[in-house]
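Enquirer: Build me a structure from this.
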Amino acid sequence: MKTRIRELRAKTGLTQEELAREVGVRRETIVFLEQGKYNPSLKLAYKVARVLGASIEEVFTFEEEDLA
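Expert: Model (predicted):
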(Lines give C-alpha, C1' and ligand atoms only; values in the text may rest on other atoms or scores of the structure.)
Protein backbone atom coordinates (compact mmCIF):
# COMPACT_ATOMS: atom_id res chain seq x y z
CA MET A 1 0.00 0.00 0.00
CA LYS A 2 1.25 3.46 -0.84
CA THR A 3 0.32 6.58 1.06
CA ARG A 4 0.50 10.32 0.55
CA ILE A 5 0.47 11.00 4.30
CA ARG A 6 3.89 12.68 4.36
CA GLU A 7 3.02 14.93 1.41
CA LEU A 8 -0.43 15.89 2.74
CA ARG A 9 0.91 16.33 6.27
CA ALA A 10 3.53 18.76 4.96
CA LYS A 11 0.83 20.74 3.12
CA THR A 12 -1.17 21.10 6.33
CA GLY A 13 1.92 21.92 8.39
CA LEU A 14 1.42 19.03 10.82
CA THR A 15 4.29 17.13 12.42
CA GLN A 16 4.11 13.37 12.82
CA GLU A 17 3.53 13.91 16.54
CA GLU A 18 0.65 16.34 15.93
CA LEU A 19 -1.04 14.04 13.42
CA ALA A 20 -0.62 11.11 15.81
CA ARG A 21 -2.22 13.10 18.63
CA GLU A 22 -5.13 14.15 16.41
CA VAL A 23 -5.96 10.58 15.38
CA GLY A 24 -5.17 8.94 18.74
CA VAL A 25 -2.11 6.84 17.92
CA ARG A 26 1.60 6.92 18.72
CA ARG A 27 4.04 8.80 16.48
CA GLU A 28 5.63 5.49 15.52
CA THR A 29 2.34 4.40 13.96
CA ILE A 30 2.42 7.47 11.70
CA VAL A 31 6.05 6.66 10.78
CA PHE A 32 5.06 3.10 9.83
CA LEU A 33 2.04 4.33 7.86
CA GLU A 34 4.20 6.79 5.92
CA GLN A 35 6.73 4.06 5.15
CA GLY A 36 4.01 1.66 3.99
CA LYS A 37 4.94 -0.83 6.71
CA TYR A 38 1.54 -0.77 8.40
CA ASN A 39 -1.94 -1.15 6.93
CA PRO A 40 -4.40 0.90 8.95
CA SER A 41 -7.84 -0.16 10.01
CA LEU A 42 -10.67 1.51 8.14
CA LYS A 43 -11.37 3.63 11.22
CA LEU A 44 -7.76 4.85 11.42
CA ALA A 45 -7.62 5.48 7.66
CA TYR A 46 -10.78 7.58 7.93
CA LYS A 47 -9.38 9.59 10.86
CA VAL A 48 -6.08 10.26 9.08
CA ALA A 49 -7.84 11.34 5.89
CA ARG A 50 -10.24 13.58 7.79
CA VAL A 51 -7.45 15.35 9.70
CA LEU A 52 -5.51 15.82 6.45
CA GLY A 53 -8.59 17.21 4.70
CA ALA A 54 -8.66 14.49 2.07
CA SER A 55 -10.59 11.38 1.13
CA ILE A 56 -9.29 7.93 2.02
CA GLU A 57 -8.65 7.32 -1.69
CA GLU A 58 -6.51 10.47 -1.88
CA VAL A 59 -4.38 9.35 1.07
CA PHE A 60 -4.08 5.59 0.53
CA THR A 61 -3.47 3.77 -2.75
CA PHE A 62 -3.76 0.00 -2.96
CA GLU A 63 -1.67 -1.75 -5.56
CA GLU A 64 -3.01 -4.84 -7.33
CA GLU A 65 -0.69 -7.13 -5.33
CA ASP A 66 -2.04 -5.67 -2.09
CA LEU A 67 -5.49 -6.96 -2.97
CA ALA A 68 -4.39 -10.53 -3.77
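
Enquirer: Please, where are all the helices along this structure?
Expert: Listed in chain order, the helices found in the chain under DSSP state H are 5-12, 16-23, 27-34, 42-52, 56-59, 64-67.

Enquirer: pLDDT of stretch 45-57, averaged?
Expert: For stretch 45-57, mean pLDDT is 97.

Enquirer: Please list the outside residues in contact with it.
Expert: With CB atoms under 8 Å, 6 or more residues apart in numbering as the test, stretch 45-57 has contacts from 4-5, 8-9, 12, 14, 19, 22-24, 33, 40, 58-60. Using the backbone N, CA and C atoms, a C-beta is placed for each residue, glycine as well.

Enquirer: Which of these ranks first by neighbour count?
Expert: Top of the contacts of stretch 45-57 by neighbour number is residue 33, holding 26 neighbours under the definition other CB atoms under 10 Å.

Enquirer: looking at it, it is touching residue 5, isn't it?
Expert: Yes. With contact defined as CB atoms under 8 Å, residue 33 counts as touching residue 5 (5.6 Å).

Enquirer: Okay, now the unreliable bits of this structure?
Expert: 64-68 (pLDDT under 70).

Enquirer: Apart from its chain neighbours, what residue comes closest to the residue positioned nearest the centre of it?
Expert: Residue closest to the average C-alpha location in the chain (CA atoms, centre = their mean): residue 5, at 4.7 Å. Nearest residue to residue 5 in three dimensions, chain neighbours excluded: residue 34, at 4.9 Å (CB to CB, 6 or more residues apart in numbering).

Enquirer: contacting residues for that neighbour?
Expert: With contact taken as CB under 8 Å, 6+ apart, residue 34 is in contact with 3, 5-6, 16.

Enquirer: contacts for stretch 20-29?
Expert: Counting by CB under 8 Å, 6+ apart, residues outside stretch 20-29 touching it are 14, 16-17, 30, 38, 44, 47-48, 51.

Enquirer: if you set the cut-off to 7 Å instead, what comes out?
Expert: With contact meaning CB atoms under 7 Å, 6 or more residues apart in numbering, stretch 20-29 is reached by 16-17, 30, 38, 44, 47-48, 51.
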